[in-house]
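Enquirer: Starting from these lines, generate the structure:
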Amino acid sequence: MSKRKKSTKKLLTWFDNHFLAVLAGFFLLFIPLYPKWPLFDIIPGYIVRVRLEDLLVAITVVIWSIQALRKKVEWKNPLFYLIAAYLIVGFLSTLSAMFITKSLPLNALHVGKMYLHYARRIEYFSLLFIFYSAIKTKIHAKYLIATLVIAMIGVTLYGYGQKYLYFPVYSTMNREFAKGWKLYLTEHARVPSTFGGHYDLAAYTMISLTILLSLFFIIKDRWAKLILGLTFVGAFWLLILSASRTSFLAYLLAITVLMFIYLFVKGWKWAIPRWLGVMVFSLFIALSFGDLSERFSQILGLDKVRQFGQGLLKPAVDRPNDYIGIDDISLVTTPSDTPPVPQKPGGGEGGKQLPADVYEDIPLTIVDKDGARVVSRTYSENAYKYGLSAAIRFDALWPRAIAGFQQNPLLGYGYANITKESWGQFTEAESTDNDFLRALGETGLLGFLTFYGTIGFVIYLSLKNLKKIKEPLFLAFTVGMVAAIFGLLLNATYIDVFEASKVAFTFWSLVGLLLAIIFTLSKKSKKSTK
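Expert: Numbering: from 1, shown residues only. As a prediction, the model looks like this:
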């Protein structure tokens with residue numbers, strides 16, 4: 001055999017054995033770190049645009065499919081039938097929306113938007129299959145866990161740059177900014193880092209923090225421990241800068257679940273002191289520094305929580321010349337960008353009381369067919385009582401999701417149909433800010449059970465096989481992932497965390513890694529001991 005043929009064969013062998021793992025590591029870095037820059041519209045006037053990661057995922061799916069057809073990778077994983085069941089229910093839900101509940105006009109715009117959201121679910125799940133197939137050796141799994149840590153470091157550093165050095169912000173908080181506007185954080189704006197919004201960042205950070213903490217307590221190598229510890233502290237401060245109360249509570253739940261599992265693995269003398277130490281540290285920082293302490297004061301009934309170190313929360317450099325604040329939605333707002341809130345009786349102009357999480361009374365500039373006009377903002381009773389963030393959910397988003405569920409309790413009202421105010425309205429964005437209600441509203445009880453049943457089955461499989469995992473690194477990752485899932489489920493009560501693209505991509509990727517550790521690597525360990 002010639003040298004050229006030998007080298008070609010060697011390259012193909014390497015490709016078969018390692019290339020998917022390389023791509024998996026690339027996605028763990030690229031998806032969280034690459035800003036949400038759009039490439040082009042897929043539906044005219046819609047906030048969801050095609051981005052580079054969509055094309056890269058599509059190319060990788062083609063590569064994976066070729067490898068699966070060649071029988072070089074295992075295409076079926078333990079979640080295959082549950083995911084297939086959910087996708088079948090989702091497809092039936094789309095048919096129901098068109099022909100039974102008739103919840104949308106039968107034209108390309110509305111139907112296309114509904115199937116776009118269905119396709120996005122398939123896209124998110126695809127990374128689970130890719131990651132599960134990619135892990136063939138322990139080195140692959142270790143490489144991906146290390147890559148996750150590196151990604152969190154990158155996300156943290158960029159978030160600090162936004163807060164203190166005026167690094168640009170690329171937001172998807174409204175359809176105009178989602179075109180790729182370069183923005184900067186205003187004084188009270190919450191850090192989104194490389195994510196489209198601060199809620200998405202906070203959910204991603206919560207997942208990473210839980211896994212980092214688990215690795216930190218289990219890994220014995222001093223240098224690795226130092227890196228993990230510093231990364232954890234840095235990422236925790238980023239969570240504070242995101243000022244997301246729900247994600248912080250999810251983090252507290254996740255570390256509690258983490259230590260509860262370790263209570264059975266390592267004993268209460270090992271778990272309880274570590275849990276207390278982390279809780280005291282976390283609560284002290286959260287209730288003493290920054291906007292998060294003020295946000296918690298709303299739900300704790302305190303006028304103001306004492307704050308320390310305010311100098312740590314201000315930019316360290318001057319504003320750029322091209323400064324446009326992320327709060328300047330009034331520059332580009334349309335009626336669809338502004339959540340409806342009922343009129344507060346007796347609300348006056350100038351010096352009127354504002355909701356606790358509104359810092360400035362900025363009037364709205366609305367551009368419509370009659371031209372530009374300035375209107376005063378009005379707030380509901382819930383906005384004054386719970387804050388504007390909660391009021392949007394209580395007054396509009398959650399009731400609409402419940403109404404969608406009531407239209408068809410089994411199959412729901414169809415994807416991307418439950419936020420509109422009227423039958424024929426084309427909404428430029430979809431958000432329920434409660435993933436459980438969104439699942440019920442869009443896909444009904446069957447969609448809810450198959451989707452969250454899949455997540456519940458991941459928890460079951462992980463705990464059932466925990467004793468089979470002998471490698472400390474893999475044990476720590478598995479326990480961390482289970483705990484992070486509980487945190488995500490709490491997160492899902494207040495944001496659509498499983499529809500947030502960067503979070504959803506990362507979550508299902510890590511689930512694929514988790515399943516590979518439990519099944520692929522454990523099987524190989526058994527064979528090697530025989």
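Enquirer: Give me the nearest residue to residue 440, chain neighbours excluded.
Expert: Leaving aside its sequence neighbours, residue 440 sits nearest to residue 405 (Cβ to Cβ, 6 or more residues apart in numbering; 4.3 Å). Using the backbone N, CA and C atoms, a C-beta is placed for each residue, glycine as well.
Enquirer: Count the residues that sit near the one you found.
Expert: Counted with other Cβ atoms under 10 Å, the neighbours of residue 405 add up to 24.
Enquirer: what does the model give it for pLDDT?
Expert: Note on residue 405: pLDDT of 95.
Enquirer: Please name every helix or strand in contact with the host helix or strand of it.
Expert: Following DSSP states H and E, one finds residue 405 within helix 398-407. Here helix 398-407 touches helix 435-464, going by 3 or more Cβ pairs under 8 Å, 6 or more residues apart in numbering; DSSP states H and E.
Enquirer: next helix or strand past the helix it packs on?
Expert: By DSSP H and E, the next helix or strand past helix 435-464 is helix 472-491.
Enquirer: mean confidence score for that next one?
Expert: 97.
Enquirer: Give me the buried positions along that helix.
Expert: 473-491 (16 or more other Cβ atoms under 10 Å).
Enquirer: Pretty sure residue 198 sits against residue 243.
Expert: Yes - at 6.7 Å, residue 198 and residue 243 qualify as touching, with contact defined as Cβ atoms under 8 Å.
Enquirer: Please enumerate the shared neighbours of these two.
Expert: 190, 191 (Cβ atoms under 8 Å, 6 or more residues apart in numbering).
Enquirer: Now do the nearest residue to residue 209 once chain neighbours are set aside: how many residues are near it, please.
Expert: Closest residue to residue 209 apart from its sequence neighbours, by Cβ to Cβ, 6+ apart: residue 235 at 5.4 Å. When neighbours are counted by other Cβ under 10 Å, residue 235 registers 22.
Enquirer: Check the secondary structure at residue 235 for me.
Expert: helix (DSSP: H, G, I helix; E, B strand; the rest coil).
Enquirer: and it, what does it touch?
Expert: Residues in contact with residue 235 (Cβ under 8 Å, 6+ apart) are 152, 155, 156, 205, 208, 209, 212.
Enquirer: make it 10 Å
Expert: 149, 152-153, 155-156, 159, 204-206, 208-209, 212-213 (Cβ atoms under 10 Å, 6 or more residues apart in numbering).
Enquirer: Below-threshold pLDDT in the stretch 1-150 of the chain: ranges please.
Expert: Along the stretch 1-150 of the chain, the parts satisfying pLDDT under 70 run over 1-4.
Enquirer: Tell me where it has helices.
Expert: Ranges of helices within the stretch 1-150 of the chain are 3-33, 52-69, 80-99, 108-134, 138-164, based on DSSP state H, counting those that start in this stretch.
Enquirer: any idea how far residue 16 is from residue 181?
Expert: When distance is defined by Cβ to Cβ, to the nearest Å, residue 181 is 44 Å away from residue 16.
Enquirer: sorry, back to before: among the helices of the stretch 1-150 of the chain, which is nearest residue 396?
Expert: Counting by Cβ to Cβ, residue 396 lies closest to helix 108-134 out of these; the figure is 19.4 Å.
Enquirer: And that closest one, what's buried?
Expert: In helix 108-134, counting by 16+ other Cβ under 10 Å, buried: 110-111, 113-114, 117-118, 120-121, 123-134.
Enquirer: residues contacting the nearest residue to residue 73 once chain neighbours are set aside?
Expert: Spatial nearest neighbour of residue 73, excluding adjacent residues (Cβ to Cβ, 6+ apart): residue 133 at 3.8 Å. By Cβ under 10 Å, 6+ apart, the residues touching residue 133 are 20-21, 24, 64, 67-68, 72-77, 512, 516, 520.
Enquirer: The residue nearest to residue 440 contacts residue 413, correct?
Expert: Yes - if you go by Cβ atoms under 10 Å, residue 405 and residue 413 touch, sitting 7.4 Å apart.
Enquirer: For the two, list the residues in contact with both.
Expert: Residues touching both residue 405 and residue 413 by Cβ under 10 Å, 6+ apart: 440, 441, 442, 443, 444.
Enquirer: Next one: the closest residue in space to the last one that isn't next to it in sequence relative to residue 124, how far apart?
Expert: Put plainly, it is residue 444. Spatial nearest neighbour of residue 444, chain neighbours left out: residue 412 (3.7 Å); criterion: Cβ to Cβ, 6+ apart. Computed as Cβ to Cβ, the residue 412 to residue 124 distance reads 18 Å.
Enquirer: Residue 172 now?
Expert: Distance, residue 172 to residue 124, by Cβ to Cβ: 16 Å.
Enquirer: Any idea how far stretch 150-158 is from the middle of the chain?
Expert: From the chain centre to the centre of stretch 150-158 is a distance of 15 Å (Cα atoms, centre = their mean, to the nearest Å).
Enquirer: Residues contacting it, please?
Expert: 25, 27-33, 35, 165, 167-169, 191-195, 201, 204-205, 207-209, 211-212, 227, 230-239, 241, 502, 506.
Enquirer: Likewise for stretch 462-472?
Expert: 138, 141-142, 215, 218-220, 261, 264-265, 475-479, 481-482, 485, 511, 514-515, 517-519, 521-523, 525-526, 529.
Enquirer: Could I have the buried ones of those as ChimeraX selection syntax?
Expert: Written as a ChimeraX command, the selection of buried residues from the contacts of stretch 462-472, which uses 16+ other Cβ under 10 Å, is:
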select :141,215,218,219,261,475,476,477,478,479,481,482,485,511,514,515,517,518,519,521,522
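Enquirer: Help me confirm that residue 206 comes into contact with residue 239.
Expert: Yes - counting by Cβ under 10 Å, residue 239 is a contact partner of residue 206 at 6.9 Å.
Enquirer: neighbour-wise, which of the two wins?
Expert: Neighbours were counted for residue 206 and for residue 239 using other Cβ under 10 Å; residue 206 has more, 31 against 28.
Enquirer: my hunch is that that one is in a helix, does that hold up?
Expert: Yes - counting by three-state DSSP, residue 206 is found in a helix.
Enquirer: Tell me the spacing between it and residue 179.
Expert: Separation of residue 206 from residue 179 (Cβ to Cβ) stands at 29 Å.
Enquirer: next one: residue 69
Expert: Here residue 69 is placed at a distance of 39 Å from residue 179 (Cβ to Cβ).
Enquirer: out of these two, which sits in the busier spot?
Expert: For residue 69 and residue 179, the more surrounded residue by other Cβ under 10 Å is residue 179, and the numbers stand at 15 against 10.
Enquirer: how about the nearest residue to residue 121, chain neighbours excluded?
Expert: In space, residue 121 is closest to residue 90, 6.3 Å off (Cβ to Cβ, 6+ apart).
Enquirer: Go ahead and confirm that neighbour touches residue 118.
Expert: Yes - using Cβ under 10 Å, residue 90 is in contact with residue 118, at 5.5 Å.
Enquirer: Overlap of the contact sets of those two?
Expert: Common neighbours of residue 90 and residue 118, counting by Cβ under 10 Å, 6+ apart, are 414, 415, 442, 443.
Enquirer: Name the nearest of those residues relative to residue 52.
Expert: Of the shared contacts of residue 90 and residue 118, the one sitting nearest to residue 52 (Cβ to Cβ) turns out to be residue 415, at 23.7 Å.
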